[in-house]
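**Student:** A predicted structure for the sequence below; I have some questions about it.
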Amino acid sequence: MFRKSIVIMSGLLIIFFLYLYHESLLHWIQTNENDYVLLTTVIATLMSLFPVIPYPLVGGVIGAAYGPILGALVIWMGSTFASILFFSMVRYGGFHKLGSKILLKYAATKKVTLLFERNAFLSITVLRMIPVIPSILINAYAALSRVSFISYAIASGLGKIPAMALFALVGHTIVTNPIEIVYMVGIYGIFLAIVYTGYRYWTKKITVDTKPV
């Protein structure tokens, strides 16, 4: 109970801080550019961990300030560190035991959870590539399941690369050549469609193969 209280109170305090000062922090990133990469990464981590504003907006600002390569690296590190922190808060903050019981209590969630755990690395990697799926849901679900910390951290980091690169490129392109955004979004949409279609086919095949004869 004590660990849960500490996690919840710490999270609420950070959310309150970001709510009050998120505009100032974004303005600071825009004006300081490449001078404080480490501090910008910390800010990106907090804003990804507690998204009081959409993280693509944060990524766009950082991409515009730092450029497509360094910007992508900064927002990727921030997002990856945030997902690992959230996973750790849920897994080791006293929520894991209760959450696991809930996931395995009902037939529908139990079936999905067991399939997810059996193919955790690929599932997490692919789900991370689809930006419309809230990151917090993937973090929480993985933390409440029996996925190992190492598998989650690596798969999560790999899966975040395309989306974080896109956010940085969009932010950089807005201030250089806005028309290119249309092409980038189109290419990324095709990429997501291919990934999602392949993943759906693979999960269906796995489900059929694991059904009892």
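**Tutor:** Yep, it's here.
**Student:** which ones are touching the residue nearest to the spatial centre of the chain?
**Tutor:** Against the mean C-alpha coordinate of the chain, by Cα atoms, centre = their mean, the closest residue is S135 at 4.1 Å. S135 is in contact with 48, 55, 79, 83, 128, counting by Cβ atoms under 8 Å, 6 or more residues apart in numbering. All C-beta spots, glycine's among them, are computed from the backbone N, C-alpha and C.
**Student:** look up the pLDDT of the last one for me, please.
**Tutor:** So that's R128. pLDDT recorded at R128 is 85.
**Student:** over to M129: give its phi and psi.
**Tutor:** Here is the backbone geometry of M129 (degrees, to the nearest 10): phi -80, psi -10.
**Student:** how close does it sit to V90?
**Tutor:** Distance, M129 to V90, using Cβ to Cβ, to the nearest Å: 22 Å.
**Student:** T176 and P54: what is the separation?
**Tutor:** From T176 over to P54 the distance is 22 Å, taken as Cβ to Cβ.
**Student:** again, but for T80
**Tutor:** The value you get for T80 to P54, if Cβ to Cβ is used, is 18 Å.
**Student:** now do the SS call for the residue nearest to A143 when sequence neighbours are not counted.
**Tutor:** Among residues not flanking A143 along the chain, V90 sits closest, at 3.6 Å (Cβ to Cβ, 6 or more residues apart in numbering). For V90, the assignment made with DSSP: H, G, I helix; E, B strand; the rest coil gives helix.
**Student:** and the pLDDT for V90?
**Tutor:** Per-residue confidence at V90 stands at 83 (pLDDT).
**Student:** over to N34?
**Tutor:** Note on N34: pLDDT of 63.
**Student:** residues contacting the closest residue to M164 other than its chain neighbours?
**Tutor:** The shortest distance from M164 to any non-neighbouring residue, by Cβ to Cβ, 6+ apart, is to W76 (4.0 Å). Listed by Cβ under 8 Å, 6+ apart, the contact partners of W76 are 157, 160-161, 164-165.
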